[in-house]
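Undergrad: I'll drop the sequence and a predicted model, then ask my questions.
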Amino acid sequence: MQMMRVPTVVLLLVAAVACAKPTPPAPAAEAARPDPLPGTRLSVDQLKSQMFHVSAGKRLKPAWPNGARIAVGLSFDVDNATATLSTGNLDYEVLSRGEYGAIDGLPRLLRMLDRQQVPASFFIPAASAVLHPVVISDIQSAKQAHEIGVHGWIHERLPLLNNEQEEQRLLNLSIETLTKMTGKRPVGYRAPSWKFSGWTMGQVKAAGFLYDSSLMASDDAYEILLDGSPTGIVELPIERILDDAPYFGSNADGSNPSVGDVYEVFQSEFDVAYDEGGLFLLTMHPHMMGHRSRAAMLERLVQYIKGKPGVWFATHEQIANHVKPLIAAK
Ligand SMILES: [Zn+2]
């Protein structure tokens, strides 16, 4: 077939028009949804019931123990390869990247925490502990008294599971498995990927958890409301900017080469929390933060924080127990 010849002037004109009026990227995924803007047709009452199904109640900002200015809680989600396995992805490059958390990541972080003498909370998908029981024995044989909390069975994304009975079965299985393996019933809950279904908060409340750490409506701890009613459950809020995953995991996949940038964000967040007399909580993952350069960066941050007077390093359980009496206080 003979190629059609297009005069250069026409090509330039087309290019000029294209530059002057860039086409917005097509929001393919959103447009493909059958009803992309259902919220526009809801009444205020309907909006309220959606907005406040799970929401922030009373602010729980106490005086910290022993006159401390700030409470600092380091948390690690020991996901390893479970999120990958939950989706049926058997790409061993990805699975082995997760397994690194059990083999080298977690031990390195535990050695660092022992060196710095600070405790941490470990949220573990129960299947992650079953596949690599060493993660439990490593945590329990550390010099520091660390906490172990629930993080789903196999890091199942609950909105994707979309099944009340199945969600309840997996929650029960997670609690039973961790209780059996650790010798203690966990008191802390963190939803896999921080994602709740419409049933999650009700099931977490019924299971009697002391606290949740999956939501981010405040910088301070708060009581969770369920359909507007107080639950008695403490929220220890997380934040994406205080998480290693957006910088080192998933889409980043190592594309952020500068651990210094992450250090700067974490330290700046700590500095303001310190000025405010607040709470500073980090979420990290052994298969991401446990790499050499990153664990070294975290140790540098811990040393910086320890250099400030009046810092209370505590497990999430200790912090939740400390703030919980404020729920009942007038
Ligand atoms: Zn996780």
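TA: Sure thing, it's come through.
Undergrad: which residue sits closest to the residue in the stretch 201-330 of the chain positioned nearest to the ion, ignoring its sequence neighbours?
TA: Across the stretch 201-330 of the chain, the shortest distance to the ion (CB to the ion) belongs to His285, at 6.8 Å. C-beta here means a position set from N, CA and C on the backbone, and glycine is covered the same way. Spatial nearest neighbour of His285, excluding adjacent residues (CB to CB, 6 or more residues apart in numbering): Asp77 at 5.3 Å.
Undergrad: surely that neighbour meets Phe123?
TA: Yes - the pair Asp77 and Phe123 qualifies as a contact (CB atoms under 8 Å) at a distance of 4.8 Å.
Undergrad: Can you check which residues contact both of the two?
TA: Residues touching both Asp77 and Phe123 by CB atoms under 8 Å, 6 or more residues apart in numbering: His151, Arg190.
Undergrad: So which of those two has more stuff around it?
TA: Per other CB atoms under 10 Å, whichever of Asp77 and Phe123 has more neighbours is Asp77, with 33 against 28.
Undergrad: Just the pLDDT for the more buried one.
TA: According to the prediction, Asp77 has pLDDT 98.
Undergrad: same check, this time on Val17
TA: Val17 is assigned 37 on the pLDDT scale.
Undergrad: for Asp212, same thing?
TA: The predicted local confidence for Asp212 comes out at a pLDDT of 98.
Undergrad: next one: Ser96
TA: 95.
Undergrad: Can you give me the neighbour number for it?
TA: Neighbouring residues of Ser96 were enumerated by other CB under 10 Å; the total is 13.
Undergrad: buried set for stretch 188-199?
TA: Within stretch 188-199, the residues that count as buried by 16 or more other CB atoms under 10 Å are Gly188, Tyr189, Arg190, Ala191, Pro192, Ser193, Trp194, Phe196, Ser197, Trp199.
Undergrad: Any buried residues in stretch 237-257, and which?
TA: Neighbour counts using 16+ other CB under 10 Å place Pro237, Ile238, Leu242, Asp243, Asp244, Ala245, Tyr247, Phe248, Gly249 of stretch 237-257 among the buried residues.
Undergrad: can you put these in a markdown table and add secondary structure and pLDDT?
TA: Shown next, in a markdown table, are the buried residues of stretch 237-257 (DSSP: H, G, I helix; E, B strand; the rest coil; pLDDT from 0 to 100):
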| residue | secondary structure | pLDDT |
| --- | --- | --- |
| Pro237 | coil | 98 |
| Ile238 | coil | 98 |
| Leu242 | helix | 97 |
| Asp243 | strand | 96 |
| Asp244 | coil | 95 |
| Ala245 | helix | 93 |
| Tyr247 | helix | 92 |
| Phe248 | helix | 91 |
| Gly249 | coil | 84 |
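Undergrad: which among those gets closest to Glu176?
TA: Top of the list for closeness to Glu176, among those and by CB to CB, is Ile238 at 25.2 Å.
Undergrad: where does the residue nearest to His285 fall, phi/psi-wise?
TA: With angles defined as degrees, to the nearest 10, Asp77 shows backbone torsions of phi -90, psi 110.
Undergrad: State the distance from it to the ion.
TA: 4 Å (CB to the ion, to the nearest Å).
Undergrad: Next: Ile124.
TA: As judged by CB to the ion, Ile124 and the ion stand 9 Å apart.
Undergrad: How about that residue: what's its closest non-neighbour residue?
TA: The shortest distance from Ile124 to any residue that is not its chain neighbour, by CB to CB, 6+ apart, is 4.4 Å, and that residue is Val78.
Undergrad: His151 now?
TA: Nearest residue to His151 in three dimensions, chain neighbours excluded: Phe123, at 3.8 Å (CB to CB, 6+ apart).
Undergrad: Not counting its own residues, what contacts the helix or strand hosting that neighbour?
TA: With the criterion set as DSSP states H and E, the secondary-structure element containing Phe123 is strand 121-124. Counting contacts by CB under 8 Å, 6+ apart, the residues outside strand 121-124 that touch it are 73-78, 135-136, 139, 146-151, 178, 188, 190, 213, 315-317.
Undergrad: Which of these fall in strands?
TA: Assignment to strands by DSSP state E places the following of the contacts of strand 121-124 there: Gly73, Leu74, Ser75, Phe76, Asp77, Glu147, Ile148, Gly149, Val150, Gly188.
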